[in-house]
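1. Sequence first, predicted model second:
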Amino acid sequence: MLVKTFTTPGNLELLLVKLIEEVKLTNKKLDSIITQNSPNQKQKTKKNHKNKSTSPLSPDVLSLLSLPAHLRKTVIALYKLEKATAEELSAETKRLRAVESASANQLTRMGYLKKKREGHKVYFYIEQKMEENK
């Protein structure tokens, strides 16, 4: 009964119209961000096709935002460490080694990370970041 006294059909329609306007405004802002980033992404893709050693999905701000939080945390830790084992990642993120190993392997399958074996250890790294340091 309390809800009915505060919400009348006129109020609901007004709220719905405001909500639709806010969604449209948000969509316009997202579209402008995408179009502004689009030329940069095309240039990166062209460079990647010329130089096959770079990952086509090197993490940039938009792709990082599209990742789930648990994967984003792993990528951010790798930005700090540059090259790390799952154990080193787990020390940085304060999560279990198995969790970091699974996250890093998933990111590798998705193309965001690379991995290489050195002896018994497997190192994960962001290829673009490693090339900049050479």
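-> That came through, no problem.
2. Mind listing residues that contact stretch 80-87?
-> Contacts made with stretch 80-87 from outside it, assessed by C-beta atoms under 8 Å, 6 or more residues apart in numbering, are listed as 77-78, 88-89, 92, 97-98, 100-101, 104, 121-126, 129-130, 133. Where you see a C-beta, it was placed from the backbone N, CA and C, and this is true even at glycine.
3. for that stretch, what is the average pLDDT?
-> Model confidence over stretch 80-87, given as mean pLDDT, is 94.
4. now do the same end-to-end measure for that stretch.
-> 15 Å (C-alpha to C-alpha, to the nearest Å).
5. Tell me how far residue 17 lies from residue 26.
-> 15 Å (C-beta to C-beta, to the nearest Å).
6. Residue 78 now?
-> Using C-beta to C-beta, residue 78 is found at 31 Å from residue 26.
7. Same check on residue 101?
-> Relative to residue 26, residue 101 is positioned 37 Å away (C-beta to C-beta).
8. where does the protein have low pLDDT?
-> Applying pLDDT under 70 to the chain flags the ranges 1-9, 30, 33-60, 129-134.
9. How is it divided into domains?
-> 2-50, 61-133 (automatic domain parsing).
10. Between residue 101 and residue 26, tell me which one has more neighbours.
-> The residue with more neighbours, out of residue 101 and residue 26 and counting by other C-beta atoms under 10 Å, is residue 101; that gives 18 against 10.
11. and the more buried one, which of the three is it?
-> The three-state assignment at residue 101 reads helix, by DSSP: H, G, I helix; E, B strand; the rest coil.
12. number of nearby residues for the closest residue to it other than its chain neighbours?
-> Using C-beta to C-beta, 6 or more residues apart in numbering and skipping the chain neighbours, the partner closest in space to residue 101 is residue 86 (3.7 Å). A count of neighbours around residue 86, defined by other C-beta under 10 Å, yields 23.
13. and residue 122, that one's in a strand?
-> Yes - under three-state DSSP, residue 122 sits within a strand.
14. tell me, how many neighbours does it end up with?
-> Residue 122: 15 surrounding residues under other C-beta under 10 Å.
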